[in-house]
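In: Next comes the sequence, and after it the predicted model I'd like to discuss.
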Amino acid sequence: MLIDHGGYLKLHPRSGDKWDAAVGQADAVQAASVQKLFETTRKGDFAQLVAEEMKNGTAFTVPCYLRTAIEALLK
């Protein structure tokens, strides 16, 4: 799975090695590793960066787990 790191590295510019190690894992270990990286990331700041990228035309794909949750709420 390819995970974009642009927004994360804008907030943590010296954390490229940590990011690479986390996304280099597989499946549930990868998910837990990436989640751990975001423990020290202000979610609002990250959301703002994602919104700005989308406004500038960067494609954004809703992750499957979020799509499933949203669809379940709409039923």
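Out: Looks like it came in fine.
In: Tell me where the protein has helices.
Out: In the chain, the helices defined using DSSP state H lie at 6-11, 16-23, 27-37, 43-55, 64-74.
In: Need those helices in JSON lines (columns: mean neighbour count and mean pLDDT).
Out: Where C-beta positions appear, they are placed from N, C-alpha and C, glycine not excepted. Shown next, in JSON lines, are these (neighbours: other CB atoms under 10 Å; pLDDT from 0 to 100):
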{"stretch": "helix 6-11", "mean neighbour count": "15", "mean pLDDT": "86"}
{"stretch": "helix 16-23", "mean neighbour count": "14", "mean pLDDT": "91"}
{"stretch": "helix 27-37", "mean neighbour count": "12", "mean pLDDT": "89"}
{"stretch": "helix 43-55", "mean neighbour count": "12", "mean pLDDT": "89"}
{"stretch": "helix 64-74", "mean neighbour count": "9", "mean pLDDT": "89"}
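In: isn't residue 18 right up against residue 39?
Out: No: at 11.7 Å, residue 18 and residue 39 do not qualify as touching, with contact defined as CB atoms under 8 Å.
In: any shared contact partners between those two?
Out: Counting by CB atoms under 8 Å, 6 or more residues apart in numbering, residue 18 and residue 39 have no shared contacts at all.
In: who's in contact with residue 54?
Out: Here residue 54 is in contact with residue 60 (CB under 8 Å, 6+ apart).
In: do you know how far it is from residue 7?
Out: Distance of residue 54 to residue 7, computed by CB to CB, to the nearest Å: 11 Å.
In: Likewise for residue 39?
Out: Residue 39 is 16 Å from residue 7, by CB to CB.
In: and what of residue 71?
Out: Residue 71 is 25 Å from residue 7, by CB to CB.
In: Check residue 44 too.
Out: From residue 44 to residue 7 the distance is 12 Å (CB to CB).
In: One more: residue 68?
Out: Separation of residue 68 from residue 7 (CB to CB) stands at 23 Å.
In: now residue 47
Out: Applying CB to CB to residue 47 and residue 7 gives a distance of 9 Å.
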